[in-house]
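Participant: Got a sequence here, can you model it:
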Amino acid sequence: MTKTVKTSNGPQVGRRSFLGMTAVAAGALAGGGRAVPALAQGKPGPRMANLERSPVVETALGRVQGTYDGTVYAFKGVPYAASTGGANRFQPPQARQPWQGIRDTVELGLRCAAPQSTAQAEYVVMDRREPAGEDCLCLNLWTNGLGKGKRPVMLWLHGGGYRVGSAGHTVYDGTNLAAKQDVVFVAANHRVNLWGYLHLSETGLGRFAESSNMGMLDIVAALEWIKANIAQFGGDPDNVTVIGQSGGGGKTSTLLGMPAAQGLYHRVVVMSGSEVRSQTKADAAETVERALAALNLNLNQAERLLDMPYYHLREKLGSGPYRYAPLMDGQTIPQHVFDPVAPAMSAGVPMLIGSTETEMTWNVQQHYDPLDEAALLDYARRALNASEAKTREVLSVYRKGRPDASNLDLYLILATDLSGFRTGTDIEAERKAALNKAPVYKYYFNWYSPADWGHLRSMHTMDIPFFLDNVEKARSLIGDGPELQGIADRISSAIVAFARTGDPNGGGRPKWDPFDARRRATMFLGDDMHQVDDPYREERLARMLV
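Facilitator: Down below sits the predicted model:
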């Protein structure tokens, strides 16, 4: 008999049919996929590229079978909702019909049909550039135990803003966290770009009345799948942490202000991303108007979007003067998430949040020419949008606080401090802590990579391999020094401790105190871990006076 781990949640009609399957049926074609061999008494099955077949797990939608490497079970491309094509295009995620047989979940599923990213870190190692399509609502999952369990669950939301990206990047692999930290790690694909954020609800057409924030509602659907099914993969549905970087940090932040998401997650980790203010209806309407004009359509012809090939829409609307971002529609997102205050609905959710020291060095357009005093003053004045005298004052403060930094480094740090990567996370930390309902833990990642002749410094995304314990998958990004694994061990164990309990302390690591607007305790993450109260205070105050 095939060993099957069964779910106790989900539609009973599907469950009864699955419970009645014989061993012969269990080896049938999986939802139109290729045949999957049955396992004898749940023992390892045929080896595939040094991997074994996992036992079969029964979910609310059907049976799935992944791989097993001797320690960790991996399931990739697991659907959590229906295809977003056809009549489902530009609609909230729809329930997927259960499949018969066993679905083969050994390879990545489709990513959202958005343009490919050209950002620097996607860059060197991360992006597999797997095929895209509209049947993209799927997730990848890693666990070191199946059946009923109480492991903390971490849901990863990928970066790429709200425009590009995939959960399939190599550095998003959850094998190490599952094996070493005993968590269930999930990475979900969801709609981005026009598919997730062309808010046709603003057209006034009845068919599109609910066509807003589709990409965010996809994430809610993934959380609902976790609630219903994660126990059979060894996870605790009552202990779910959402963690996201860059655009994933913005999506994580947005969840805090979505009524539909409340109760489906219990902690958040926000890395170099924020969503202080959502898009307004006027902005959304302007984007729709521009998009339709680019297709030579008027408002009353918007339904023609449903019949166009997805690749045609991607080519025409994937890039350009369109703002694809969450919309404050008054329903799915009732108000700006962190403006003027943090959302009260998620006041009791602990948060861990921060940024890297030189976020801006991720940009492929960044030059690394040495800066003389005149060039530094010119670059800094334009970044500050200030007078020459005021710029000199600010630079003198930065130089005093960072006496060993080069002129180029001073500029890169200042530019980062003025960017949304830093200001947004600072604002969210301050306003979330002001609710005084759950702790906020602030970090500042300042490890500098020796790779690429040291140009990358502590760039945007540089913290991901350490947070997710994947330094071996990011050698071209971070180098191969013997100290890297120790850094990753310290940082990833703190993040998992937070996911497990809402507190990153323990394990012999330096004490990490909650952040508040008075003391501003911040943990520096780099070659070592050390806490500083109100780091670079003088720089912060100098910027505020510009």
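
Participant: how about residue 264, what does it touch?
Facilitator: Going by C-beta atoms under 8 Å, 6 or more residues apart in numbering, residue 264 touches 220, 223-224, 226-227, 240. Where C-beta positions appear, they are placed from N, C-alpha and C, glycine not excepted.

Participant: For it, report the pLDDT, please.
Facilitator: The model reports residue 264 with a pLDDT of 98.

Participant: Quick check: it vs residue 161, distance?
Facilitator: For residue 264, the distance to residue 161 equals 23 Å [C-beta to C-beta, to the nearest Å].

Participant: Same question for residue 374.
Facilitator: From residue 374 to residue 161 the distance is 34 Å (C-beta to C-beta).

Participant: Looking only at neighbour counts, state which of the two leads.
Facilitator: residue 161 (19 against 8; other C-beta atoms under 10 Å).

Participant: you'd agree that one is up against residue 246?
Facilitator: Yes - the pair residue 161 / residue 246 is scored as a contact, 7.0 Å apart, by C-beta atoms under 8 Å.

Participant: name the element the residue of the chain positioned farthest from its centre belongs to?
Facilitator: Distance from the C-alpha centroid of the chain peaks at residue 389, with 40.9 Å (C-alpha atoms, centre = their mean). For residue 389, the host element (DSSP states H and E) is helix 388-401.

Participant: by contact count, what packs against the following helix or strand past that helix?
Facilitator: Counting by DSSP H and E, the next helix or strand C-terminal to helix 388-401 is helix 407-418. Helix 407-418 sits against helix 373-384, helix 388-401, helix 537-544, with contacts defined as 3 or more C-beta pairs under 8 Å, 6 or more residues apart in numbering; DSSP states H and E.

Participant: tell me the average confidence for helix 407-418?
Facilitator: Per-residue scores along helix 407-418 average to 97.

Participant: how would you label residue 257: helix, strand or coil?
Facilitator: coil (DSSP: H, G, I helix; E, B strand; the rest coil).

Participant: you'd agree it is up against residue 335?
Facilitator: Yes - using C-beta under 8 Å, residue 257 is in contact with residue 335, at 6.8 Å.

Participant: So the two - more neighbours on which side?
Facilitator: For residue 257 versus residue 335, the count of surrounding residues by other C-beta under 10 Å is larger for residue 257: 25 against 16.

Participant: Contacts only, for that one.
Facilitator: 275, 278, 333-338, 343, 345-346.

Participant: Equivalent analysis for residue 281, please.
Facilitator: Going by C-beta under 8 Å, 6+ apart, the list of residues near residue 281 reads 202, 327-329.

Participant: just curious, which of the contacts of residue 257 is nearest to residue 481?
Facilitator: Nearest to residue 481 among the contacts of residue 257: residue 275, at 35.1 Å, using C-beta to C-beta.

Participant: Pretty sure the closest one sits in a helix.
Facilitator: No - applying three-state DSSP, one finds residue 275 to be coil, outside a helix.

Participant: what separates it from residue 311, distance-wise?
Facilitator: From residue 275 across to residue 311, the span is 29 Å (C-beta to C-beta).

Participant: How many residues are close by the spatially closest residue to residue 273 that is not a sequence neighbour?
Facilitator: Nearest non-adjacent residue to residue 273, counting by C-beta to C-beta, 6 or more residues apart in numbering: residue 249, 2.2 Å away. Using other C-beta under 10 Å, residue 249 has 28 neighbouring residues.

Participant: And residue 249, its phi and psi?
Facilitator: Backbone geometry at residue 249, expressed as degrees, to the nearest 10, gives phi -70, psi -40.

Participant: and it, how far is that from residue 546?
Facilitator: Taken as C-beta to C-beta, the span from residue 249 to residue 546 is 26 Å.

Participant: What of residue 298?
Facilitator: 45 Å.

Participant: now swap in residue 277 and tell me
Facilitator: For residue 277, the distance to residue 546 equals 21 Å [C-beta to C-beta].

Participant: These two: which is more packed in?
Facilitator: Neighbours of residue 277 and residue 546, each counted by other C-beta under 10 Å, are more numerous for residue 277; the result is 17 against 13.

Participant: tell me the contacts of the more buried one?
Facilitator: Applying C-beta under 8 Å, 6+ apart, the residues near residue 277 are 336-339.

Participant: how's the protein carved up into domains?
Facilitator: The record's domain parsing of the chain by automatic domain parsing lists 4-271, 355-544.

Participant: Please identify the most buried of the ones you listed.
Facilitator: For the domains of the chain, the largest average neighbour count (mean count of other C-beta atoms under 10 Å) is found in domain 4-271, namely a mean of 21.

Participant: How far does that domain sit from its chain's centre?
Facilitator: Between the centre of domain 4-271 and the centre of its chain there are 13 Å (C-alpha atoms, centre = their mean, to the nearest Å).

Participant: list the contacts for residue 368?
Facilitator: Each residue near residue 368 by C-beta under 8 Å, 6+ apart is listed here: 408, 455.

Participant: Could you do residue 458 as well?
Facilitator: Contacts of residue 458 by C-beta under 8 Å, 6+ apart are 356-359, 361, 445-449, 526.

Participant: How about it, nearest residue that isn't a chain neighbour?
Facilitator: residue 357 (4.1 Å).
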